[in-house]
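*Asks:* coordinates for the following, if possible.
(2 chains)
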Amino acid sequence: DSGVTQTPKHLITATGQRVTLRCSPRSGDLSVYWYQQSLDQGLQFLIQYYNGEERAKGNILERFSAQQFPDLHSELNLSSLELGDSALYFCASSVAVRTSGANVLTFGAGSRLTVL
Amino acid sequence: GEDVEQSLFLSVREGDSSVINCTYTDSSSTYLYWYKQEPGAGLQLLTYIFSNMDMKQDQRLTVLLNKKDKHLSLRIADTQTGDSAIYFCAETGKGYSGGGADGLTFGKGTHLIIQP
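*Replies:* Residues are numbered from 1 along each chain as shown, chains lettered A, B, ... in the order given. Next up is the predicted model:
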């Protein structure tokens, strides 16, 4: 158990629907990252939050949004789902922001989304 | 081209050494990382190396860094069936919009296949 908890583990839904993925970071970690893993694109960075604020944005579609709550858990909202959104969605957390040291990300087990 | 490049597959015999290679593009990356993903699981940090080092050894793992060629390798000695997984190379994330990324940019991963 990495200490990063993601729910649900599996989710099957239809095109056009909306889903919410949830992540609880490791205790003491302030930064949360969302990544999408698909067979053809590999592991793509979506978005990062630090202590409740958006810190960095990657290849996140406008149909997707995220937030980090005061208790530091985070949610990734995916709307108007398309077949191509089927993927593994990973959440990772780290202690803080990048400093002069290594920024070690701890990953959850992922949420597998299937859009039919 | 891709930010971080890796071969997609590597097949080795049990007991042999495995060498997984990676090239990266950002010469300012201060740390480079290797992560392992077992089937159905999230990514797990194996090791990382500071950019001013040439080599780092940790039990069966040896990381070699050629900063001039931006080439990173992971050697696994005495490869066992339990080493069968996807291995990801990662560099410090680029500066995305929103103030910079503290996350990591990953390669697409190398599937390590162990032959008996």
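*Asks:* residue B:58 contacts residue B:49, doesn't it?
*Replies:* No. Contact criterion CB atoms under 8 Å: residue B:58 and residue B:49 do not qualify, at 10.0 Å. Where you see a C-beta, it was placed from the backbone N, CA and C, and this is true even at glycine.
*Asks:* neighbour count: the two, which is higher?
*Replies:* Comparing residue B:58 with residue B:49 by other CB atoms under 10 Å in any protein chain shown, the one with more neighbours is residue B:49, at 19 against 9.
*Asks:* mind listing the residues bridging to the more buried one?
*Replies:* With DSSP bridges applied, residue B:49 shows beta-bridge pairing to residue B:32.
*Asks:* any residue of the helix or strand that contains residue B:86 up close to chain A?
*Replies:* In this assignment (DSSP states H and E), residue B:86 forms part of strand B:85-92. Yes. In this structure, strand B:85-92 sits against chain A according to CB under 8 Å from any CB of the partner chain; the contacting residues are B:88, B:92.
*Asks:* CA-only coordinates of that strand in CSV, if you can.
*Replies:* Extracted C-alpha coordinates of strand B:85-92, given in CSV (Å, rounded to 0.1, in the frame of the first residue of the first chain):
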residue,chain,number,x,y,z
ALA,B,85,7.0,-5.3,-15.2
ILE,B,86,7.0,-2.0,-17.1
TYR,B,87,9.9,0.3,-16.3
PHE,B,88,9.6,4.0,-16.7
CYS,B,89,12.3,6.5,-17.0
ALA,B,90,11.4,10.1,-15.9
GLU,B,91,12.9,13.5,-15.9
THR,B,92,12.0,16.6,-14.0
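*Asks:* pairing partners for that strand, with directions?
*Replies:* Take DSSP bridges as the rule and strand B:85-92 pairs in its sheet with strand B:31-37 (antiparallel), strand B:104-106 (antiparallel), strand B:110-115 (antiparallel).
*Asks:* against chain A, how distant is residue B:114?
*Replies:* Spatial separation of residue B:114 from chain A under the definition CB to the nearest CB, to the nearest Å is 21 Å.
*Asks:* so that residue sits against residue B:79, correct?
*Replies:* Yes. Between residue B:114 and residue B:79 there is a contact under CB under 8 Å: 6.0 Å.
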